[in-house]
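Participant: Pasted the sequence and its predicted model underneath.
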Protein chains: 2
Amino acid sequence: MLFMRSADLTARARIRDAAIDLFGREGVNRVSVRAIAAQAGVSPALVLHHFDSKEGLRKACDAHLVEVLRGDGGAADLGDTAKLAATLDAPELRRYLARAFLDGSPEASTLFDEMVEVSEGWLGRGTAEGWVHHTEDPHTRAALYVSWLLAPLLLHEHVSRVLGVTDPAETNAALRISRTAVEILTKGVFADETVLSAMDNVRKGRP
Amino acid sequence: MLFMRSADLTARARIRDAAIDLFGREGVNRVSVRAIAAQAGVSPALVLHHFDSKEGLRKACDAHLVEVLRGDGGAADLGDTAKLAATLDAPELRRYLARAFLDGSPEASTLFDEMVEVSEGWLGRGTAEGWVHHTEDPHTRAALYVSWLLAPLLLHEHVSRVLGVTDPAETNAALRISRTAVEILTKGVFADETVLSAMDNVRKGRP
DNA sequence: CAGCATACTAACCGAACGTTCAGCTTCGCT
DNA sequence: AGCGAAGCTGAACGTTCGGTTAGTATGCTG
């Protein structure tokens, strides 16, 4: 178990990687143990020998993803958007992460909570230092910030289709999206406060 | 077929509503025809009598959702965020919509494309009239705008957990989120342009 | 070399799935 | 009243699923 990292071509690792790929592509329930075994080049029985059950395999995939995402820096890295994006350069990890958030595994919930916590801390520090605007509701803003960070990942299929992405590398599209996101987060979209004050009026009307 | 709307308690409609509810809750593949039939109070065979196959039922659900979403105003309503939010007041419709975007049905793809198109037109008009900021890349901004609009829906489970939502009505939380979103879209998050210019430098370094 | 745990497979199991089908009601029409 | 279509059901079909079992190969340890 100790030197497992150097032997990342073991059947166990191949099964796990195949599962991450297929689970991310199709969703956990559309993928059979047989299909995972076939992609990993082993028998279906070996999958259950190593992971006890399909659910056990899914948990192992979650754990692996979380381990990779945390990187070397512990939970702190979860707030480092650039580092996060770099780690998620692998399409199969991206797909799996998106699926995990939607299928509602406990590991994904914990991960989301941590990301919100780290982001809230980071934005709070920014507010104190003056490079982030003040807000009435920092908690909601952090939750929304993380949601928006994940949105292009979750809707990757549709976003890339709309943007006409065809190249396999996709780095250009990712850059366009990031740049536009930062632009909105810096300058906003609306040039005046009519929409905002309209919303505040609705809010006061319903205490 | 013509007066079907007035007879929305037919077994056919009950099956469709049960399918939307269960598909949205669990995902299409986790739900059996038998479960849908049970919730609708009919036999499993009747489901296939009306919809030919499970896939046919799913398509009928998609079509129904799109019909409801378009409302009376045709595609134009897809850009009216407030109206959209009102239509999606029903939790089961919200859940189903989120699932549809992620399971990648053709209907959902068309819907997404239309939402982006309508939003891009709306934001373009706003730019011309001066109440929306100019952007280098209106197309990407529109895609991102729609993605961000959908993000709290897709991540509803996690967002509501983080915000500590317990009340079944949820109107307060929805209001908090909307208000915060509009706040960000009006004032931005970042108070200066350091992040933005840093990103532009990266971009120029990689032409 | 013997002993034994680990890695792995082929064959199989019961359960649940989507789907089919023959037949039973129930209605609208003439 | 009579008849055909539509709504609807119970019982089965073949398939595929996750999981089990019995057994073989492999490689380490004494």
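Facilitator: Arrived safely. Numbering: from 1, shown residues only, chains lettered A, B, ... in the order given.
Participant: Up against DNA strand C, what does chain A have?
Facilitator: For chain A, the contact set with DNA strand C under Cβ under 7 Å from any atom of the strand comprises A:10-12, A:41-46, A:49-50. In this view, the C-beta of every residue, glycine as well, is placed from N, C-alpha and C.
Participant: same thing but at 10 Å, please
Facilitator: Contacts of chain A with DNA strand C, taken as Cβ under 10 Å from any atom of the strand, map to A:1, A:4, A:7, A:9-15, A:34, A:37, A:40-50.
Participant: Of those residues, which are in range of DNA strand D?
Facilitator: Answer for the residues of chain A next to DNA strand C near DNA strand D (Cβ under 10 Å from any atom of the strand): A:34, A:37, A:43-49.
Participant: dump the residue contacts of A:C61.
Facilitator: A:C61 makes contact with A:16, A:19-20, A:23, A:96, according to Cβ atoms under 8 Å, 6 or more residues apart in numbering or on different chains.
Participant: what about 6 Å?
Facilitator: For A:C61, the contacting residues are A:19-20, by Cβ atoms under 6 Å, 6 or more residues apart in numbering or on different chains.
Participant: Report the buried members of the ones next to DNA strand D among the residues of chain A next to DNA strand C.
Facilitator: Buried by 16 or more other Cβ atoms under 10 Å in any protein chain shown: A:37, A:46-47, out of these.
Participant: The residues of chain A next to DNA strand C in helices, which ones?
Facilitator: A:11-15, A:34, A:37, A:40, A:44-50 (DSSP state H).
Participant: List just the nearest of these to chain B.
Facilitator: Closest approach to chain B among those (Cβ to the nearest Cβ): A:R34, at 15.6 Å.
Participant: Now that closest one: closest residue in space, sequence neighbours ignored.
Facilitator: Nearest residue to A:R34, sequence neighbours excluded (Cβ to Cβ, 6 or more residues apart in numbering or on different chains): A:P44, at 4.9 Å.
Participant: Let's have the ones next to DNA strand D among the residues of chain A next to DNA strand C in a markdown table, adding pLDDT.
Facilitator: Formatted as a markdown table, those follow (pLDDT from 0 to 100):
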| residue | pLDDT |
| --- | --- |
| A:R34 | 95 |
| A:A37 | 95 |
| A:S43 | 94 |
| A:P44 | 94 |
| A:A45 | 94 |
| A:L46 | 95 |
| A:V47 | 95 |
| A:L48 | 95 |
| A:H49 | 94 |
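Participant: quick one: which two of those residues are the most distant?
Facilitator: A:R34 and A:H49 (14.4 Å; Cβ to Cβ).
Participant: Just the helices from chain A, written as ranges.
Facilitator: So, for chain A - with DSSP H - the helices run A:11-26, A:33-40, A:44-51, A:54-70, A:81-87, A:91-103, A:106-129, A:138-154, A:156-162, A:171-187, A:194-205.
Participant: between the longest one and helix A:91-103, how many degrees?
Facilitator: Pointing back at helix A:106-129 there. Per axes from the mean of the first three to the mean of the last three Cα atoms, to 10 degrees, the angle that helix A:106-129 makes with helix A:91-103 is 100 degrees.
Participant: Run the contact check for helix A:106-129 versus chain B.
Facilitator: Yes. Judged by Cβ under 6 Å from any Cβ of the partner chain, helix A:106-129 comes into contact with chain B at A:112, A:116.
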